[in-house]
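1. quick one: sequence plus predicted model below, questions after.
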Amino acid sequence: DAGVIQSPRHEVTEMGQEVTLRCKPISGHNSLFWYRQTMMRGLELLIYFNNNVPIDDSGMPEDRFSAKMPNASFSTLKIQPSEPRDSAVYFCASSFVVNQPQHFGDGTRLSIL
Amino acid sequence: AQRVTQPEKLLSVFKGAPVELKCNYSYSGSPELFWYVQYSRQRLQLLLRHISRESIKGFTADLNKGETSFHLKKPFAQEEDSAMYYCVLWGAGKLIFGQGTELSVKP
């Protein structure tokens, strides 16, 4: 298995634009997590899914952020409209069950100008 | 409320010195605790979890329920241990990350 796959690896866009980050979890994993990492705030859990259902989205910063998991092999994190303070590295991770060790993707480095 | 506290943002030691990365948690039930590590320019990865009670790369961590701690220890630090370390608690459907401690091992 190639592990958790995230795309794009880097994204640079102007503020106000819509940004969509993508994640393909490891096949057979039932839980998927989205994180944001910044120097100021460290690593933050944004949302996680179990069996494609959002379980805890209390970490989603505001309504501009939304996440979906239409099927077991794909998830998106969308920011609309984007702002410079959204600049961060966004990680996706998956695990077989929710309290098992997570496997992380390489992350998407997002820069909002 | 559940909380994970890593009091040190940065820990700097010399090669060969013992190292202890502190982690304290607040949780009323029986938590599951993990340590994750992120080496420079690499993915975050699991280092160890308390229920397996194993030693990975020379690191150990013991869950102390009385002190609500899960400190990560290594008797002799190596330069390749330099990384960001996160203490993570899972309990009651919540996953809580500590703020992370950057370990710098100097030659």
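-> Sure, I can see it. Residues are numbered from 1 along each chain as shown, chains lettered A, B, ... in the order given.
2. what parts of chain B come near chain A?
-> Chain B comes close to chain A at residues B:32, B:34, B:36, B:43-46, B:49, B:86, B:90, B:93-97, B:99-100, as judged by C-beta under 8 Å from any C-beta of the partner chain. C-beta: built from backbone N, CA, C; applies to glycine.
3. mind redoing it with 10 Å?
-> Residues of chain B lying near chain A by C-beta under 10 Å from any C-beta of the partner chain: B:6, B:9, B:31-32, B:34, B:36, B:38, B:41-49, B:51-52, B:84, B:86, B:88, B:90-91, B:93-100.
4. give me the buried entries from those residues.
-> Burial of the residues of chain B next to chain A was assessed by neighbour count (16 or more other C-beta atoms under 10 Å in any protein chain shown); the buried members are B:6, B:31-32, B:34, B:36, B:38, B:43-44, B:46-49, B:84, B:86, B:88, B:90-91, B:94-100.
5. can you name every helix or strand that the helix or strand of chain B with the lowest mean pLDDT contacts?
-> Taking mean pLDDT, DSSP states H and E as the measure, chain B has strand B:94-97 as its least confident helix or strand, at a mean of 83. Here strand B:94-97 touches strand A:31-38, strand A:42-50, strand A:53-56, strand B:3-5, strand B:32-38, strand B:83-91, going by 3 or more C-beta pairs under 10 Å, 6 or more residues apart in numbering or on different chains; DSSP states H and E.
6. can you tell me the closest non-neighbouring residue to the residue most central in space within chain A?
-> What sits nearest the mean C-alpha location of chain A, by C-alpha atoms, centre = their mean, is residue A:34, with 3.4 Å. Spatially, and ignoring its direct neighbours in sequence, residue A:34 is nearest to residue A:46 (4.4 Å; C-beta to C-beta, 6 or more residues apart in numbering or on different chains).
7. ok, the one you found to residue A:80 distance?
-> Distance, residue A:46 to residue A:80, using C-beta to C-beta, to the nearest Å: 15 Å.
8. still on that earlier bit, distance check, the residue nearest to the centre of chain A against chain B.
-> Residue A:34 sits 12 Å away from chain B, going by C-beta to the nearest C-beta, to the nearest Å.
9. also residue A:85?
-> Residue A:85 is 19 Å from chain B, by C-beta to the nearest C-beta.
10. nearest residue to that residue other than its sequence neighbours?
-> residue A:112 (7.8 Å).
11. per-residue confidence at that neighbour?
-> As summarised for this prediction, residue A:112 has a pLDDT of 96.
12. next: residue A:107.
-> With respect to pLDDT, residue A:107 scores 95.
13. now could you export just the CA positions of stretch B:84-98 as PDB?
-> C-alpha atoms of stretch B:84-98 as PDB (Å, rounded to 0.1, in the frame of the first residue of the first chain):
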ATOM      1  CA  MET B  84       9.100  17.100  17.200                       C
ATOM      2  CA  TYR B  85       7.300  14.900  19.700                       C
ATOM      3  CA  TYR B  86       3.600  14.900  20.300                       C
ATOM      4  CA  CYS B  87       1.800  13.300  23.200                       C
ATOM      5  CA  VAL B  88      -1.700  12.200  22.300                       C
ATOM      6  CA  LEU B  89      -4.700  11.100  24.400                       C
ATOM      7  CA  TRP B  90      -7.600   9.200  23.100                       C
ATOM      8  CA  GLY B  91     -10.700   9.000  25.300                       C
ATOM      9  CA  ALA B  92     -14.500   9.200  25.100                       C
ATOM     10  CA  GLY B  93     -14.400   9.700  21.400                       C
ATOM     11  CA  LYS B  94     -12.000  12.600  21.600                       C
ATOM     12  CA  LEU B  95      -8.500  12.700  20.300                       C
ATOM     13  CA  ILE B  96      -6.400  15.300  22.000                       C
ATOM     14  CA  PHE B  97      -2.900  16.400  20.900                       C
ATOM     15  CA  GLY B  98      -0.400  18.100  23.100                       C
END
